[in-house]
Structure formats: C-alpha cells, structure tokens
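1. Structure for the following, please:
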Amino acid sequence: EAQNAFLVNAFGERLFIRSGRRDIYGSEHHRNWMWHTKSVNSVTVDGKGQKKRSRLARGEILEFHASEALDYVSGEAGSAYGDRMKQFTRRILFVKPDLVLIFDTLIASAPATFEWRLHAPHPLTRHGGGTARTEGKNAAARVDFLWPETLRVSVTDRFDPPPRPRIRLTEYHLTAATPVPSRSASFVTAI
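-> Numbers count the residues shown, from 1 in each chain. Alright, predicted model coming up:
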C-alpha cells in the first residue's frame, strides 16, 4: 500500500512520516488506516489506495542516480492500484542540500479525483493557496504545490479510523485534491 511513497528526515528529525500507530494487530485503525495508502506520503484515487497487503501491489524503480550535487529516482506504481490506475509515475529530484522536487504523472482507468497525501509528526500549517509548513526542534520544511493551481488543500490531526482511545497519538495529515474528476493529472511539488 506504500508504493512510490516517501519519507523525509533532516538533522536527525522526522519531518514527513508514515502515519498511525498499531494499537493491536488487525484493529480497525491498523487495517483501515495503516494498511491503506492514505496513511503514507503518496496518492489516493477517489479516496481509494493501493491493494492492501497484497504481493500484487507492486512498484518498480525505473531510474536512479546519486551524486554529490543531486539524487534522482523515478518509480512506477500504477499496477499497485489494481484496475483503477494505468500509470502512477513519480520522479523525485533531491538538489542537495535543501530542495526536493516531486513530479507525479497519474492516469486513471476512468475519470477520478486524485488526492496527494502528506503526513507529519509536527503541526502542518497552511500559508496561502498551495503552501504548507512543518517545524520540529531541529528542522523545518515548506511544501509548495506548484501544479495544479486549483487544488483543494486541507489539514487535519484526525485519523479515519482513529486508534483505540488508550493510544495517545497526534499527527498531522495534509490532503491536496484535484477539484473535479479527470482521467489524468500531474502534480509538481517542491519541498
């Protein structure tokens, strides 16, 4: 359920994370949050994610390059969504030391909305249209959604479904969704 997802750590601190906490194996939160693409830094389609806990939910690294100045990786994860997606190509360029560019190409089998998901252990605050920021003790990050320009951006600290009440967990979840169904979308994001 996490093909083409990413994590960001800086100065020994987690900035963008895989969210949730296993309260008990197979609980409602474990099955329907942690085993779902909505809990990772990836993309959902009409709110639906990749196949859960399936060896058929595969991704593939298409290209990889690392150097002193920059790192680049591209991956394909369309088949991880079953019949809903024809293509989910994610390209990530890390311009060292402090810029990450992400370019996503999405093609669905039928018109759909696409939700770009991001999770942080520290508050995510919105700063105008397509900009958000998170700040920890030692590191901070600003996220700019450069394309498309008409995203519906929301931030919450709620889980759906939440962990059991005895689990005290606060994490922050940003969703940047395309406003109308379409067969394809591209996201360009700078961190």
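
2. which ones are touching the residue nearest the centre of the chain?
-> Geometric centre of the chain, nearest residue: Asn41, 2.0 Å, by C-alpha atoms, centre = their mean. The neighbours of Asn41, taking C-beta atoms under 8 Å, 6 or more residues apart in numbering as the test, are 5-8, 16-18, 117-119. Every residue, glycine included, has its C-beta placed from N, CA and C.

3. And Glu60, by the same measure?
-> Each residue near Glu60 by C-beta under 8 Å, 6+ apart is listed here: 75-77.

4. check contacts around the residue in the chain sticking out farthest from the centre.
-> No residue in the chain sits farther from the centre than Arg166, which is 26.9 Å out by C-alpha atoms, centre = their mean. Residues near Arg166 by C-beta under 8 Å, 6+ apart: Asp23.

5. Dihedrals phi and psi, the residue nearest to the centre of the chain?
-> phi -80, psi 80 (degrees, to the nearest 10).

6. same deal with Phe187?
-> phi -120, psi 130.

7. Return the distance of it relative to Asp98.
-> Using C-beta to C-beta, to the nearest Å, Phe187 is found at 21 Å from Asp98.

8. Now Lys42. Its backbone dihedrals?
-> One correction, residue 42 is Ser, not Lys. phi -150, psi -150.
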